[in-house]
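Peer 1: Sharing a model prediction with you, sequence too.
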Amino acid sequence: MPHELQPQATDELDAEAVRTWSSLALAALGRAREDIDAINVYPVADADTGTNLYLTAESADLALTEAFAKVTEGTAPTSLDQAVRAWAHGALLGARGNSGTILAQLLRGVAEVLGEQPEEPRQPQRSDEHGQPGEPVPGRLLARALTRAAQEAYAAVAHPVEGTMLTVAGAAARAGEAAAAAAGSPAAVARAAYDAARAALAETPGQLAALGRAGVVDAGGCGLVAVLGALWQALSGQAPAVEPVPGRAVPVPQPPDPCEQEADGPAYEVVYLLEASEEAVGHLRERLDGLGNSLVVVGGDGLWNVHVHVDDPGAAVEAGVVAGRPYRIRITHFGDERRRARGARAQRAVVAVVPGEGLAALCGEAGATTVLVRPGEPLAVAELADAIRRAHAREVVLLPGGAELRPAAAAAAEQARVDGVRVAVIPTRSAVQGLAALAVHDPDGTFDEDVVAMTAAAGATRYGELAVAERQSFTSAGICQAGDVLGLIDGDVAVIGSDLTETAEAVLERMLGSGGELVTLVLGPEVPDAVAERLEAYVLHGHLAVDTVTYRGGRYSAPLLIGVE
């Protein structure tokens, strides 16, 4: 649990007040996390709203803490502008799920107003001696920030629904404006917003049928009430009274048949960060809105966080590629999430690290939780640990996808074991070995049997890769020049050529020399389909008993990956 900064009553909205608000909000969400998860029934009953809000707030608080840590002796202290923008940016980068994405946009709205203000303390006056508007009254400034936050959140959701955290945000903003109009202090505005949010939250079961049937309030709205309570505490120095989460003791009814639950909506959640222009994002919204639901796109100034529920995760990722540069792509299958919502974690899940957007979509469709890595970038242990947490299973099979990624996988596995999750790391050295292991995954068998079978399948798959040499160097196959095509087998350079297809044929011939039943080809984004057609024909004519399957690796994948089982 994070350390909570001790609040003191203040009428000044400064960087320290924001820092205290962030710390208290994170602590409050940490305390309510499990209770909020337990009442999560809308838009998907996947029991993770409290966790998503907490992780989003944690990312925001970390960014804010780093902004304060950059201040050294002799430099100016962290300004309000720097604090709120760092806080909002951290939330944007770390937003999780539908609720976390909306929270990130709420913080962005707050930052847009507070970050525009001058650095000097503001005088509590409405006009100067000439009757002209003066600096904003601190209470009115806070009210404006809450109003902008609600407006931004509504605008970010493709199809806003009342009875959700949007409704709670709107009620808080209206109450804050009313308190500010009565010359209320920042603490008075925060208290009015908090009280109105609590009242609005209590009304959500009557506004949204799913909540009424389950006898619970909106989970996202419940988290927002905690955040607003932290705001009041930061400004007033008074802690909100501890209250049970409304509806927490009411068991959420779930259909007994998993298929019935899964038919309620799309099967996948797709989330990614996107570097793109505002115009491109407008087209992206239209495209994603036609693919699924629960669409939320937040951000601005060239960086966006995209969240959508779809049946075709590959199409959702491809839409991002058309719009700009997507990264930190997370694809989660709702099957395990919905089983968890019926009262328990899934028994077993697979987490796969993959070097390509197409491979991420492919593994996601097979039910795996995926982590996308780009060439030359290290795999963050925290990102992999988060993927294991998102899988929300008692047992996890981890496919690192490369020898250089295994240390990070081992560290993430150790973190998960501390939380009571049983984790096995399959020593895959290539994405094609991960595909082979995933193909034999049996969630209904015992954990040990499943791990043995997946390990055997990965070990029985020889792997090859084609790459382009960047400079002259010595290899196990001789000296290569910049621009040469390198054919690697099991990690070592075996062939040096000048043509991609001819080099691939030479690699295939060597790999099939010791036998094989199935060839897997994974094409990079720049490789034409004609190359795959030629290689498939090459295998067919020279090895009649060998089948071939071809996939698109997508952006960030190598020019060609080859697997021989």
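Peer 2: That came through fine. Note that the structure is a prediction, hence the values are computed from the model and not measured.

Peer 1: Can you list the buried residues in stretch 197-214?
Peer 2: Neighbour-count burial for stretch 197-214, with 16 or more other C-beta atoms under 10 Å as criterion, is recorded at 197-198, 200-201, 203-205, 208, 210-211, 214. Just so you know, the C-beta spots here come from the backbone N, C-alpha and C atoms, and that holds for glycine as well.

Peer 1: Which residue in these has the weakest pLDDT?
Peer 2: The lowest pLDDT within the buried residues of stretch 197-214 belongs to Ala214, which sits at 86.

Peer 1: rewinding a little: and the buried residues of stretch 197-214 as TSV, adding secondary structure?
Peer 2: Output for those, formatted as TSV (DSSP: H, G, I helix; E, B strand; the rest coil):
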residue	secondary structure
Ala197	helix
Arg198	helix
Ala200	helix
Leu201	helix
Glu203	helix
Thr204	helix
Pro205	helix
Leu208	coil
Ala210	helix
Leu211	helix
Ala214	helix
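
Peer 1: Tell me the one among these nearest to Val242.
Peer 2: Each of the buried residues of stretch 197-214 was scored against Val242 by C-beta to C-beta, and Arg198 proved nearest at 13.1 Å.

Peer 1: quick revisit: now distance to Arg33 too, for the buried residues of stretch 197-214, in CSV please.
Peer 2: CSV is the format used below for the buried residues of stretch 197-214 (distance: C-beta to C-beta, whole Å):
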residue, distance to Arg33
Ala197, 18
Arg198, 19
Ala200, 21
Leu201, 17
Glu203, 24
Thr204, 19
Pro205, 21
Leu208, 22
Ala210, 21
Leu211, 19
Ala214, 19
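
Peer 1: after the lowest-mean-pLDDT helix or strand in the chain comes which helix or strand?
Peer 2: Within the chain, judged by mean pLDDT, DSSP states H and E, the helix or strand with the poorest mean is helix 258-262; its value is a mean of 38. Elements were assigned by DSSP states H and E; along the chain past helix 258-262, the next helix or strand is strand 268-275.

Peer 1: would you put the C-alpha positions of that next one in PDB?
Peer 2: Output of strand 268-275 as PDB, limited to C-alpha atoms (Å, rounded to 0.1, in the frame of the first residue of the first chain):
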ATOM      1  CA  TYR A 268     -12.100  -9.600 -26.400                       C
ATOM      2  CA  GLU A 269     -10.900  -6.400 -24.800                       C
ATOM      3  CA  VAL A 270      -8.300  -4.500 -26.900                       C
ATOM      4  CA  VAL A 271      -6.200  -1.700 -25.400                       C
ATOM      5  CA  TYR A 272      -3.300   0.200 -26.800                       C
ATOM      6  CA  LEU A 273      -1.500   3.500 -26.800                       C
ATOM      7  CA  LEU A 274      -1.500   5.300 -30.100                       C
ATOM      8  CA  GLU A 275       0.600   8.000 -31.600                       C
END
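
Peer 1: Show residues contacting that strand.
Peer 2: Strand 268-275 has contacts (C-beta atoms under 8 Å, 6 or more residues apart in numbering) with 44, 93, 95-97, 101, 281, 284, 294, 299, 302-313, 316-317, 320, 323-334, 337, 364-365.

Peer 1: After it, which helix or strand is next? Please name it.
Peer 2: Once the chain leaves strand 268-275, the next helix or strand it forms, by DSSP H and E, is helix 278-291.
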